[in-house]
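Q: Take a look and give me a structure for this.
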Amino acid sequence: MDNSLIGTILIYVWQFFNFAWPIFTWGLIIYILSSWFPALRESSFGEFLGKVYEPLLEPFRRMIPPLGGVLDLSPIILIIIFNLFGRGMNEIFRVIFNWLL
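A: Here you go, the predicted model:
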């Protein structure tokens, strides 16, 4: 394959990642805030968010129990990990682009 074709494909993948990743991260924030609104958490949208984010939050909840029985820090840890993952992916794409050009 030609390097320009590979570069073009990688640019589209990178653009899709930079479009979808913030939406995924904001979905987590919406899910966290929905705990303040029980009607939202019990709606079909809230149940969908629960199916997406609960499997990601569960390992952190096992490692870090809630402080005082109420303050759950696992979403904060997951947001930090999401941020680091997004930055790492952008750096990987930047290195690949520099290598191809």
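Q: Which positions within the biggest helix by length in the chain qualify as buried?
A: Longest among the helix segments of the chain by residue count, using DSSP state H, is helix 3-33. For helix 3-33, burial by neighbour count (16 or more other CB atoms under 10 Å) applies to Trp14, Trp21, Thr25, Leu28, Tyr31, Ile32. The C-beta positions use only the backbone N, C-alpha and C, and glycine is treated the same way.
Q: Give me the pLDDT value at the third one.
A: Read it as Thr25. Residue-level confidence at Thr25 comes out at 93, pLDDT.
Q: got it, and the last one?
A: Looking at Ile32, its pLDDT reads 92.
Q: where does the residue lying closest to it once chain neighbours are set aside land in three-state SS?
A: Beyond its immediate neighbours in the sequence, the residue positioned closest to Ile32 (CB to CB, 6 or more residues apart in numbering) is Pro75, lying 4.7 Å away. Reducing the assignment to helix, strand or coil with DSSP: H, G, I helix; E, B strand; the rest coil, the entry for Pro75 is helix.
Q: on that earlier part again, okay, the buried residues of helix 3-33 in JSON lines with distance to Glu42 next?
A: Putting the buried residues of helix 3-33 into JSON lines (distance: CB to CB, whole Å) gives the following:
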{"residue": "Trp14", "distance to Glu42": "38"}
{"residue": "Trp21", "distance to Glu42": "28"}
{"residue": "Thr25", "distance to Glu42": "23"}
{"residue": "Leu28", "distance to Glu42": "18"}
{"residue": "Tyr31", "distance to Glu42": "13"}
{"residue": "Ile32", "distance to Glu42": "16"}
